[in-house]
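K.L.:
Have a look at this prediction, sequence included:
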Amino acid sequence: MRKEGYTHTGKKENEDIFGITESSVFVLDGASALLDTNFTPNGNDVVWMVKWWKNYLLDHLDDLTVSIQDIMKNGIEQINKDFSKYQPIDKLSKLELVSAGIGIMRMHDEFFEIFVLGDVEISVLQENNVDIYTDERIKPLDQSVIDLMATNENRLNECVFKGFTEAELELLKINRNKMNTDEGYYILSTDEKAVDNSIYKKISKTSQVKCMIASDGLSLLDKYYTREKLISEVAKRGVQSLIEELRAYENEDKDKVKMKRLKTHDDATGVFVEW
């Protein structure tokens, strides 16, 4: 069995993270608050969150007697208690909360499990067929902001917060307030209800399996590869090589014209399994 992962950021701190255990692999894609607030000791709540979850999942995922859903619900209960040592969770609005997309693959003898919250993508190649597991409900919300960005030729001179203009930020806030609702999307944050609305599959292993878990920053490579070809390239070249290729494309398109996106360089993370 082959398991490998790589993550890259152009910022001071990476808000993505990945983990590899004996039975499992996972990727977390953090989303920061939309107000200028931080409560945890290192000054970046989303980095604190994804590191907390990495440590927790490394400790718990290999217990195959416990369902992924129970592991996640127990984790949400515990992280809420730990975060509330700095600021009570129930005092925070959705604009102050951090969150994360997450994708988990867990392997058993004759089958494997897939668990997804948010727009992290899990691509599974088995018997020459690719299945992609992700929550599509976030993409239209992000696209509405990308479309708004494209209408303002002077936007770079009007940014007020994290590279967004006042109008873009207002739309981001409207979208964020739909977090963990049926009208919006479900994602890993403080609400255990999100786990009940996750994507979960139990899949029989009938032949060799190649699986890639990627944060949405890596999915921009869909412009250049079919998903089957992308998995093939990762298998040959490794995750790091593909992320470096992505960065080269982004540098050629700093104005975000060819590849429509919210940021010039989003954090990009991938994990690959060949089993």
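P.N.:
Yep, that arrived.
K.L.:
in this structure, which spans are helices?
P.N.:
Applying DSSP state H to the chain gives helices spanning 45-60, 68-83, 138-150, 166-176, 193-196, 227-237, 239-252.
K.L.:
Could I get those in JSON lines, plus columns for distance to residue 218 and mean neighbour count?
P.N.:
(Glycine included, C-beta is placed from N, CA and C.) Conversion of the helices of the chain to JSON lines gives the following (distance: least, CB to CB, whole Å; neighbours: other CB atoms under 10 Å):
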{"stretch": "helix 45-60", "distance to residue 218": "16", "mean neighbour count": "19"}
{"stretch": "helix 68-83", "distance to residue 218": "23", "mean neighbour count": "17"}
{"stretch": "helix 138-150", "distance to residue 218": "14", "mean neighbour count": "15"}
{"stretch": "helix 166-176", "distance to residue 218": "22", "mean neighbour count": "17"}
{"stretch": "helix 193-196", "distance to residue 218": "23", "mean neighbour count": "16"}
{"stretch": "helix 227-237", "distance to residue 218": "9", "mean neighbour count": "16"}
{"stretch": "helix 239-252", "distance to residue 218": "6", "mean neighbour count": "16"}
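K.L.:
With distance to residue 98 and mean pLDDT as extra columns, can I get these in TSV?
P.N.:
TSV is the format used below for the helices of the chain (distance: least, CB to CB, whole Å; pLDDT from 0 to 100):
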stretch	distance to residue 98	mean pLDDT
helix 45-60	4	98
helix 68-83	9	98
helix 138-150	15	91
helix 166-176	11	97
helix 193-196	14	98
helix 227-237	29	96
helix 239-252	23	89
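K.L.:
So which of those helices is nearest residue 130?
P.N.:
helix 227-237 (5.0 Å; CB to CB).
K.L.:
Including distance to residue 103, could the helices of the chain go into JSON lines?
P.N.:
Shown next, in JSON lines, are the helices of the chain (distance: least, CB to CB, whole Å):
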{"stretch": "helix 45-60", "distance to residue 103": "12"}
{"stretch": "helix 68-83", "distance to residue 103": "11"}
{"stretch": "helix 138-150", "distance to residue 103": "13"}
{"stretch": "helix 166-176", "distance to residue 103": "21"}
{"stretch": "helix 193-196", "distance to residue 103": "14"}
{"stretch": "helix 227-237", "distance to residue 103": "14"}
{"stretch": "helix 239-252", "distance to residue 103": "14"}
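K.L.:
Specify the stretch among those that is closest to residue 114.
P.N.:
Residue 114 lies closest to helix 68-83 among those, at 9.2 Å (CB to CB).
K.L.:
Can you name every helix or strand that the closest one contacts?
P.N.:
helix 45-60, strand 111-117, helix 193-196 (3 or more CB pairs under 8 Å, 6 or more residues apart in numbering; DSSP states H and E).
K.L.:
Make JSON lines from the ones you listed and add distance to residue 26 to it.
P.N.:
Shown next, in JSON lines, are those (distance: least, CB to CB, whole Å):
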{"stretch": "helix 45-60", "distance to residue 26": "6"}
{"stretch": "strand 111-117", "distance to residue 26": "8"}
{"stretch": "helix 193-196", "distance to residue 26": "14"}
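K.L.:
Relative to residue 96, which of those is closest?
P.N.:
Nearest of the helices and strands packed on helix 68-83 (CB to CB): helix 45-60, 8.7 Å.
K.L.:
what does that closest one contact?
P.N.:
13-19, 21, 24, 26, 28, 30-33, 37-42, 66, 71, 74-75, 78-79, 82-83, 98-100, 102, 104, 188 (CB atoms under 8 Å, 6 or more residues apart in numbering).
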